[in-house]
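generate a structure from the sequence data that follows.
(one chain, ligands or ions: 1)
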Amino acid sequence: MHGNLIQHDSGGNGTPSVSALDSADYPRHRWYFFKEAFSPEIVNHAIKDAKIRKGALVVDPFCGSGTVPLQAALNGYRGHGIEVNPFLAFVARTKLATCSIQAFDTALGKVKAGAKRGAKSPLEGFSTFSWKCGAKRWLFNRPVLRAFEGGWRVASRENGPAFSLVKLCLLEAAMSACNAAKDGKCLRYKHDWKNLHLSQSDFSEALDVRAALVRADLKAEARLNGHFRIQQGDVRTKELPERFNLCITSPPYLNSFDYTDVYRPELFLGNFVTSMPQLMRLRLRTLRSHVQVSWPAASEHQYGTHYAESLRLILARKKRLWDRRIPDMIKAYFEDMELVLKALRRKAAPTASAWIVVSTSAYAGVEIPVDLIIADIASACGWYLREVNVLRYLGRLAGQQWNELSRAKDSKPHLRESVIILDATARR
Ligand SMILES: C[S@@+](CC[C@H](N)C(=O)[O-])C[C@H]1O[C@@H](n2cnc3c(N)ncnc32)[C@H](O)[C@@H]1O
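Presented below is the predicted three-dimensional model:
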């Protein structure tokens with residue numbers, strides 16, 4: 001039982017916010033807005049707490065847009081990230097790239113000329129990417145897609161960090177000139193999108209705005225102090241190259257959010273995937289935290305009383321679940337997390353610690369204490385649990401989850417986001 005170890009963060013221990021929103025204020029972090037990123041402040045906080053020496057290895061096995069390796073490298077440490085999604089691995093790597101202002105301006109000039117000429121995109125007529133006969137909705141108006149493609153082709157013919165940086169700007173610009181925007185678990189069409197007539201000039205303006213931001217950050221700070229590496233792949237099959245001193249990570253939450261789906265436009269625009277079967281293969285390599293694909297079934301496990309009780313309650317309400325595979329997803333999620341926690345423990349230096357940010361989830365009105373279950377699993381894998389610290393309570397949830405849970409919990413926001421802090425060696 002770890003329930004009594006939960007601490008409410010009232011500012012006492014100063015654990016910072018986890019929200020991605022303040023990343024927009026941080027140089028480099030703001031080069032691509034990733035809503036699911038956490039704040040660089042939590043990285044600073046964990047580094048300070050760990051008292052590690054400069055040059056120590058800081059890892060994130062679910063590095064997403066690279067907040068952890070970037071912030072570690074900015075502070076003079078070695079950052080190592082693993083990320084399964086090739087688009088996000090590209091974002092993480094590129095946020096860590098450095099080049100001269102002159103090289104950036106030259107690359108940008110060439111790419112802008114390509115965007116102005118435009119080029120026929122392979123995505124025209126594919127899926128919902130552009131208008132086709134009979135389509136009611138499409139993500140990009142053809143002039144936007146062609147301007148993007150013209151620029152992307154020029155950038156892809158060249159090598160080097162300056163062109164990668166411009167590619168990142170191209171992707172951001174295309175997404176701001178997209179007819180839909182990310183909204184929670186899906187892409188939602190913008191209000192009155194047909195009358196917005198998003199055009200090549202909207203795309204070009206957005207490109208200029210993004211490029212100005214990158215340019216300003218490059219100008220302000222010449223280079224990173226530390227080193228970094230981003231490995232693209234499935235953390236369940238990748239071994240960290242050496243022992244680490246600090247792990248700061250946020251795995252996908254147990255909330256059926258499929259990153260491959262929400263970031264599908266970027267995956268296809270940047271040729272990170274080129275067909276639906278390839279997208280499906282990528283999905284199968286993601287942590288089993290959603291029901292979008294048919295996973296291999298998980299085994300039966302004893303992960304402690306929190307796990308057993310949650311599963312019992314969920315199974316009792318099986319008929320009220322919005323998808324019958326949810327109980328299997330829950331089992332598979334914790335099986336995957338056990339694998340990751342074991343692998344991390346094997347590679348932890350004797351003085352290492354691990355900070356894991358997760359949120360609880362709810363299905364059919366049953367709240368699953370993901371933080372406490374992970375703490376139980378980690379303890380069984382050889383980690384010492386230091387604390388489970390509540391960072392914030394989450395506000396109103398979408399649709400059915402909220403309706404069910406609010407009835408059960410007096411309409412109060414109840415799901416929490418927590419950080420689980422683990423040590424490789426017991427603290428005295
Ligand atoms: C909550 S996000 C991490 C965000 C990150 N902390 C940041 O600041 O950008 C979780 C990430 O785990 C990645 N992921 C999912 N399954 C994975 C797997 N099997 N191996 C590695 N990464 C995976 C997702 O693509 C997603 O980017």
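
I'd assumed residue 151 was in a helix, is it?
Yes - counting by DSSP: H, G, I helix; E, B strand; the rest coil, residue 151 is part of a helix.

tell me the contacts of it?
111, 112, 114, 115, 166, 170, 207 (Cβ atoms under 8 Å, 6 or more residues apart in numbering). C-betas here are computed from N, CA, C, even on glycine.

now do the contacts for the fourth one.
It stands for residue 115. Contacts of residue 115 by Cβ under 8 Å, 6+ apart are 147, 148, 150, 151, 154, 170, 200, 203, 204, 207.

tell me which element it falls in.
Using DSSP states H and E, residue 115 sits in helix 101-117.

likewise the fifth one?
With elements delineated by DSSP H and E, residue 166 resides in helix 161-176, which encompasses its position.

restrict that helix to CA atoms and write it as CSV.
Extracted in CSV, the C-alpha atoms of helix 161-176 (Å, rounded to 0.1, in the frame of the first residue of the first chain):
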residue,chain,number,x,y,z
PRO,A,161,21.4,21.0,-39.3
ALA,A,162,20.3,24.2,-41.0
PHE,A,163,18.0,22.3,-43.4
SER,A,164,16.6,20.1,-40.5
LEU,A,165,15.7,23.3,-38.7
VAL,A,166,14.0,24.7,-41.7
LYS,A,167,12.1,21.4,-42.1
LEU,A,168,10.8,21.8,-38.6
CYS,A,169,9.6,25.3,-39.5
LEU,A,170,7.9,23.9,-42.6
LEU,A,171,6.0,21.3,-40.6
GLU,A,172,4.9,23.9,-38.1
ALA,A,173,3.8,26.3,-40.9
ALA,A,174,1.8,23.5,-42.6
MET,A,175,0.1,22.7,-39.4
SER,A,176,-0.9,26.3,-38.8
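
got the confidence number for the residue of the stretch 51-200 of the chain found nearest the ligand?
The minimum distance from the stretch 51-200 of the chain to the ligand, using Cβ to the nearest ligand atom, falls at residue 64 (2.7 Å). For residue 64, the model assigns a pLDDT of 97.

residues in contact with it?
Residues counted as contacts of residue 64 (Cβ under 8 Å, 6+ apart) are 34, 36, 37, 83, 88, 92, 250.

who in the stretch 51-200 of the chain is up against the ligand?
When proximity is defined as Cβ under 6 Å from any ligand atom, the stretch 51-200 of the chain approaches the ligand at 62, 63, 64, 65, 67, 82, 83, 84, 85, 88.

how close does the nearest residue to the fifth one once chain neighbours are set aside get to the ligand?
I take that to be residue 67. Counting by Cβ to Cβ, 6 or more residues apart in numbering, residue 37 is the residue found nearest to residue 67 once chain neighbours are left out, at 5.0 Å. Applying Cβ to the nearest ligand atom, to the nearest Å, the value for residue 37 to the ligand is 3 Å.

residue contacts, residue 37?
20, 23, 29, 64, 65, 67.

in helices, which of the residues you listed appear?
If you go by DSSP state H, the contacts of residue 37 have residue 67 in helices.
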